[in-house]
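**Q** Here is a sequence with its predicted model. Questions after.
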Amino acid sequence: MSEELNNENVENAAAESVPVQESAPVEQAAPVEEAAAPADSTGTEAPSVTQTQVIVQRERGFAHYVGFALLCVLYICFFFMPGIALTFGVSRLVSLNGAAAWIFSAILSFVIWLIFKLKIKGFKKSFYFYIGLCVVVLAALIAIEVLTENLNVFSSIFALLTGAAG
């Protein structure tokens with residue numbers, strides 16, 4: 001019994017020595033069911049702990065930028081493919097220099113795309129049809145290259161656009 005009295009005295013003394021601070025009333029915690037993380041369709045709880053992510057970015061070399069530049073040039077050439085094909089046909093009749101060939105090709109390609117845009121409603125749909133036309137023109141140029149031995153379509157177009165043909 002004396003031990004119980006000693007324990008109570010120690011607890012009372014400890015409680016009296018701690019200063020009591022007045023604070024704003026604390027809101028009661030929500031029930032456990034509401035506080036739980038929402039469950040997904042499989043019935044498992046979604047993780048509520050956010051983890052930091054470490055992103056490792058590699059340094060790009062010279063080859064990356066050369067490849068990107070080459071792809072940009074190929075995209076431009078592919079977009080101007082209908083105009084380039086018509087310019088190639090015209091260059092067989094009239095001599096053109098490189099700058100005139102590029103300007104003529106760009107104007108013709110834009111006019112062809114504008115015709116698609118006016119005839120086909122919607123930018124996205126007309127763009128898809130124009131890309132389809134570019135693929136058909138490229139396939140026709142490849143067929144001409146394969147079927148004719150002395151025309152050399154792609155080397156002639158490259159020479160025309162670089163200004164080497166004269």
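**A** Sure thing, it's come through. Please read these numbers as outputs of a predicted model, since none were measured by experiment.

**Q** low-scoring pLDDT stretches of this protein, where are they?
**A** Applying pLDDT under 70 to the chain flags the ranges 1-48, 165-166.

**Q** all helices of it, in order?
**A** Along the chain, the stretches classed as helices by DSSP state H are 2-17, 32-35, 62-79, 81-91, 98-119, 123-147, 153-162.

**Q** how about the ones you listed, which one is nearest Thr50?
**A** helix 32-35 (17.0 Å; C-beta to C-beta). Backbone N, C-alpha and C define where each C-beta goes, glycine included.

**Q** mind checking which of the helices of the chain is nearest Val54?
**A** Nearest to Val54, of the helices of the chain and by C-beta to C-beta, is helix 62-79 at 22.4 Å.

**Q** and that closest one, what other elements does it pack with?
**A** helix 123-147 (3 or more C-beta pairs under 8 Å, 6 or more residues apart in numbering; DSSP states H and E).

**Q** For the helix it packs on, buried residues please.
**A** Going by neighbour count (16 or more other C-beta atoms under 10 Å), the buried part of helix 123-147 is Ser126, Phe129, Tyr130, Leu133, Cys134, Val137, Leu138, Leu141, Glu145.

**Q** give the contact list for the second one.
**A** Read that as Phe129. Phe116, Ile120 (C-beta atoms under 8 Å, 6 or more residues apart in numbering).

**Q** what about it, distance to Ser95?
**A** 33 Å (C-beta to C-beta, to the nearest Å).

**Q** repeat for the first one
**A** Taking C-beta to C-beta as the measure, Ser126 falls 34 Å from Ser95.

**Q** now the fifth one
**A** If you measure Cys134 against Ser95 using C-beta to C-beta, the figure is 26 Å.

**Q** swap in the last one?
**A** Distance of Glu145 to Ser95, computed by C-beta to C-beta: 22 Å.

**Q** just to revisit the earlier point, just the helices of the chain: most buried one?
**A** helix 81-91 (a mean of 20; mean count of other C-beta atoms under 10 Å).

**Q** list the helices and strands that one packs on?
**A** Using 3+ C-beta pairs under 8 Å, 6+ apart, helix 81-91 is in contact with helix 98-119, helix 123-147, helix 153-162.

**Q** surely Ile112 meets Ile131?
**A** No - the pair Ile112 and Ile131 does not pass the contact test of C-beta atoms under 8 Å, sitting 11.9 Å apart.

**Q** how about the nearest residue to Gly98, chain neighbours excluded?
**A** Gly163 (2.8 Å; C-beta to C-beta, 6 or more residues apart in numbering).

**Q** For the one you found, grab phi and psi.
**A** phi 90, psi 10 (degrees, to the nearest 10).
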